[in-house]
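Undergrad: 3D, please:
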Amino acid sequence: MVISTLHTLFLPPPTTSTMSPKLIAIPGGTGTIGQSIVSALQSHPEYKPIILSRATSSHPDGTTSSTTIRNSTTPIETRYVNYASTGSLTTALHGVNTVISALLIPGPESVPYHLNLLQASITARVHRFAPSEWALPQDTHDQVDLDQGKSVIWTEVQKEVAEGKIDAAAFPVGMFMNYLAIGIRDREVEEEALAGFGEGELMFHLRDEPAWVEVPVMQDGRYPDLTMTDIRDVGRFVVAALGLEEWGGRELGIAGDTRNLKEIVDILRRVIGRANVKEVSRAELQRKLDGLDQSEFLKRMDLQYTMLCGNGGSVVKGTLNELCPEVKPTTIREFMEKYWGD
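TA: Sure, this is the predicted structure:
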């Protein structure tokens with residue numbers, strides 16, 4: 001009897017292949033960033049992605065279905081929720097290890113929905129939480145109308161981390177490198193390079209003949225630096241971050257490639273043959289911004305992002321790059337040569 005008990009006590013731990021995968025919930029998992037994260041998770045059997053999606057009349061709150069994302073034939077479990085209800089979210093997060101939000105809500109609902117997600121995660125004993133960031137560093141949000149709510153969310157997230165209720169991180173990525181795909185003549189190549197990205201042109205106008213770049217010059221006349229990250233690399237970095245022992249309530253910046261805008265223009269000229277430059281001062285951008293109504297929020301956002309770039313606000317410190325050196329992100333040169341080169 002003693003021998004039998006000792007044998008039971010000292011059995012080797014189960015191998016990774018026999019352990020249940022950790023559930024990673026992705027609110028907004030069918031969007032561009034969400035699909036990048038879900039796709040990356042599918043390549044790692046130790047994790048199981050679960051998409052959270054807004055409940056509809058055809059998919060009521062509390063129901064589930066299977067969803068197939070772009071470039072994948074493997075169905076993903078989708079749980080339908082009411083983001084206005086912490087009870088609905090708590091039920092949906094049962095058994096979940098990590099919540100990584102990719103919700104894109106450009107309006108007043110963003111703050112309460114994310115705070116509900118945060119509180120539901122704590123109630124459901126979720127280990128980690130990441131609010132929907134995927135843009136510029138936290139210290140820039142007060143300068144962009146649509147991003148100001150992110151500061152409110154992040155302040156509350158850090159409060160809960162300080163109280164030991166949950167672990168968390170924010171993932172700024174800079175400007176999406178996929179802006180450089182807009183205008184590729186071959187539609188199939190452009191679609192592949194965009195990787196689901198559907199925004200309009202910003203600063204880089206490569207569809208025009210000749211192609212041109214709007215450069216917000218700094219106060220001293222220098223060109224600013226800019227961090228650009230391929231959407232597909234975002235998912236790869238986030239999966240790598242799941243292997244870290246602790247996130248610590250900090251910004252885990254993802255920096256695909258950080259270069260001076262003059263270097264970027266030179267790369268464009270070498271690859272596509274020609275790229276004109278239109279320099280614009282902060283004063284000019286401010287005049288344009290002052291001429292816009294508050295309701296024209298997308299135009300205001302484009303101008304505010306351009307102004308931030310001219311202040312050096314588009315540079316992201318690659319903290320996650322340093323912590324996860326095994327992830328090798330795409331460079332601007334590689335991106336341009338792959339999708340624009342002969």
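Undergrad: got the domain boundaries for this structure?
TA: 22-172+231-251, 175-230+256-315+326-340 (the TED database).
Undergrad: Most tightly packed of these?
TA: Burial of these is given as mean neighbour count (mean count of other CB atoms under 10 Å); domain 22-172+231-251 ranks first at a mean of 19. Placement of C-beta: from N, CA and C, glycine included.
Undergrad: Over to that domain now: how far is its first residue from its last?
TA: Using CA to CA, to the nearest Å, the end-to-end distance of domain 22-172+231-251 comes to 23 Å.
Undergrad: quick one: average confidence on that domain?
TA: Regarding domain 22-172+231-251, the rounded mean pLDDT is 95.
Undergrad: For it, what is the distance to the chain centroid?
TA: 10 Å (CA atoms, centre = their mean, to the nearest Å).
Undergrad: Tell me which stretches of the stretch 101-250 of the chain form strands.
TA: 128-130, 167-170, 175-176, 204-205, 212-216, 225-229, 250-251 (DSSP state E, counting those that start in this stretch).
Undergrad: Can you convert those strands into JSON lines and add a column each for distance to Ala92?
TA: Formatted as JSON lines, the strands of the stretch 101-250 of the chain follow (distance: least, CB to CB, whole Å):
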{"stretch": "strand 128-130", "distance to Ala92": "14"}
{"stretch": "strand 167-170", "distance to Ala92": "19"}
{"stretch": "strand 175-176", "distance to Ala92": "29"}
{"stretch": "strand 204-205", "distance to Ala92": "39"}
{"stretch": "strand 212-216", "distance to Ala92": "42"}
{"stretch": "strand 225-229", "distance to Ala92": "29"}
{"stretch": "strand 250-251", "distance to Ala92": "27"}
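Undergrad: Relative to Ile50, which of the ones you listed is closest?
TA: strand 128-130 (14.3 Å; CB to CB).
Undergrad: what packs against the closest one?
TA: strand 96-100, helix 110-123, strand 167-170 (3 or more CB pairs under 8 Å, 6 or more residues apart in numbering; DSSP states H and E).
Undergrad: would CSV of those with distance to Gln148 be doable?
TA: Output for the helices and strands packed on strand 128-130, formatted as CSV (distance: least, CB to CB, whole Å):
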stretch, distance to Gln148
strand 96-100, 22
helix 110-123, 9
strand 167-170, 15
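Undergrad: if we compare these, which one ends up closest to Arg185?
TA: strand 96-100 (35.4 Å).
Undergrad: To Glu201, which of the helices and strands packed on strand 128-130 lies closest?
TA: helix 110-123 (24.5 Å).
Undergrad: what's next to the closest one, contact-wise?
TA: With contact meaning CB atoms under 8 Å, 6 or more residues apart in numbering, helix 110-123 is reached by 27, 83-87, 89-90, 92-93, 96, 99, 101, 103, 105, 129, 131-132, 149-150, 152-153, 156-157, 160, 165-166.
Undergrad: Ok, stretch 144-160 next?
TA: Under CB under 8 Å, 6+ apart, the answer for stretch 144-160 is 106, 108, 110-111, 114-115, 118, 122, 129, 131-133, 135-136, 138, 140-142, 166, 168, 170, 249, 294, 297, 300-301, 304-305, 308.
Undergrad: hmm, try it at 7 Å
TA: Contacts of stretch 144-160 with the rest of the structure, by CB atoms under 7 Å, 6 or more residues apart in numbering, involve 106, 110-111, 114-115, 118, 122, 129, 131, 133, 135, 138, 141-142, 166, 168, 170, 249, 297, 300-301, 304-305.
Undergrad: same question, stretch 53-69
TA: By CB under 7 Å, 6+ apart, stretch 53-69 touches 30, 35, 38-39, 51, 75-83, 88, 91.
Undergrad: And for stretch 307-321?
TA: By CB under 7 Å, 6+ apart, stretch 307-321 touches 136-137, 140, 143, 172-175, 216-218, 224-227, 237, 241, 251-255, 258, 282, 285.
Undergrad: Next, the angle from the strand ranked longest in the chain to helix 110-123.
TA: Among the segments of the chain that qualify as a strand by DSSP state E, the longest is strand 47-54. Using axes from the mean of the first three to the mean of the last three CA atoms, to 10 degrees, one finds that strand 47-54 and helix 110-123 are set 130 degrees apart in direction.
Undergrad: Quick check: Trp247 touching Ile166?
TA: No: the criterion here is CB atoms under 7 Å, and Trp247 misses it with Ile166 at 9.6 Å.
Undergrad: anything in contact with each of these two?
TA: With CB under 7 Å, 6+ apart as the test, Trp247 and Ile166 both reach Arg128.
Undergrad: center of the protein - which residue?
TA: Using CA atoms, centre = their mean, the residue of the chain that lies closest to the mean C-alpha position is Trp134, 3.2 Å off.
Undergrad: Next one: it relative to Glu322, how far apart?
TA: 19 Å (CB to CB, to the nearest Å).
Undergrad: same check, this time on Gln158
TA: Distance from Gln158 to Glu322, by CB to CB: 21 Å.
Undergrad: same check, this time on Pro329
TA: In terms of CB to CB, Pro329 sits 12 Å off from Glu322.
Undergrad: Equivalent analysis for His59, please.
TA: 41 Å.
Undergrad: what do you get for Tyr80?
TA: Relative to Glu322, and taking CB to CB, Tyr80 is found at 38 Å.
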